[in-house]
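Undergrad: sequence and predicted structure are below.
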Amino acid sequence: MKKIILSSVLFLSQLATAQTLVWGNTFDTPASLQGWTFHDLNNNSNGWLQGQNIYHNGTSMVYGTAGVLRHSMSLVPTGSATGFATENDWIITPEIDLTNTTGTLTLTASIGRQRTTHTVLGRDLYIFVSTPQKPIPTIADFQAMTVDGAGNDLPSPYKLQVGGSTNPFPTDLTQFVENLVDLSAFAGKKIYIGMWSNRKPNGNNIQNINIDEMGIYAYSFLSTKEVKRNKTVTQIIENPVKETLYVKLNPELKENNTIVTIYNTTAQKVLTTQYSKSINVAGLSAGIYITEISDGKTTEQLKFIKK
């Protein structure tokens, strides 16, 4: 089970409301990056990749047990990648379709460091919005977002950033810290997200990061076929959960036909049961889970934390 440290009370309060995962990736296997594009622009064969998290155990660099998206100048067990001083690497998501969403959109990411000296880690998120004239971006479109007309560096307003006094890392380097990014400006659009690693002394994109998972959650939708996602939708009453999951069902769902299915962060089904206002989850390990609630016609997904 992936270990995740929550970043704020805000996240806990959001989890208590109805929300739906509209895009996400656990980075558990190489297949997780199908459709992503990679650009090793300094041609040193070191760049973004899927694999086990790496961290320094006090003696040398070692592999952890979590599947992550990572970038590192460090080699295991020692040394640095050739040419890391000129690192210039991009990774770009497949198309993320947010056309059916409206209102608040929240991107969550679980970030892990590789050394105790990494007190703050982050990535600028460069976001390309598809248009009928140009639905698919090129690497040049993302590079153009990094500088102004005079060649001066431009930080992105959308950042993954964790660590520091406001959202500190745990001492245990195998753990991850949750970060939230408001992407509400992109509701109703199709987007691509690019992340850049370089060796510039300033900025938010220097190497050495483990990203355990990413997801975008929506709270309301445009389609009239969707269930109204307001006061009448299914809610998890207490979140985080100890031993019992308390569920307040959307009145539009047929209670006698409703099935509750719970998945872990690797999309494995861990529990299926007939709907009840209280569901025993004492046997689940601590972590984050997705609850799917369906009566065969309407399906909702909610996220909860098991203590």
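TA: In hand now; what should we look at?

Undergrad: any regions of the stretch 1-150 of the chain where pLDDT drops low?
TA: Applying pLDDT under 70 to the stretch 1-150 of the chain flags residues 1-18.

Undergrad: now do the stretch 151-300 of the chain
TA: 203-204, 223-232, 265-267.

Undergrad: how about the secondary structure of residue 196?
TA: Assigned with DSSP: H, G, I helix; E, B strand; the rest coil, residue 196 falls in the strand class.

Undergrad: doesn't residue 147 make contact with it?
TA: No: using Cβ atoms under 8 Å, residue 196 is not in contact with residue 147; the gap is 11.6 Å. Glycine gets a C-beta too; all of them are placed from N, C-alpha and C.

Undergrad: who has more neighbours out of those two?
TA: A direct count of neighbours by other Cβ atoms under 10 Å for residue 196 and residue 147 places residue 196 higher, at 27 against 11.

Undergrad: quick check: end-to-end length of stretch 158-167?
TA: 17 Å (Cα to Cα, to the nearest Å).

Undergrad: so which bits of that stretch are buried?
TA: Buried residues in stretch 158-167, counted by 16 or more other Cβ atoms under 10 Å: 158, 160-163, 167.

Undergrad: quick one: which of these sit in strands?
TA: The members of the buried residues of stretch 158-167 that map onto strands under DSSP state E are 160-163.

Undergrad: looking at those residues, which is nearest residue 69?
TA: Proximity of these to residue 69 (Cβ to Cβ) peaks at residue 160, which lies at 11.3 Å.

Undergrad: correct me, but that closest one touches residue 120?
TA: No: Residue 160 is not in contact with residue 120 according to Cβ under 8 Å; the separation is 11.2 Å.

Undergrad: pop the domain breakdown of this protein in here.
TA: The chain breaks down by the TED database into domains covering 19-219, 235-306.
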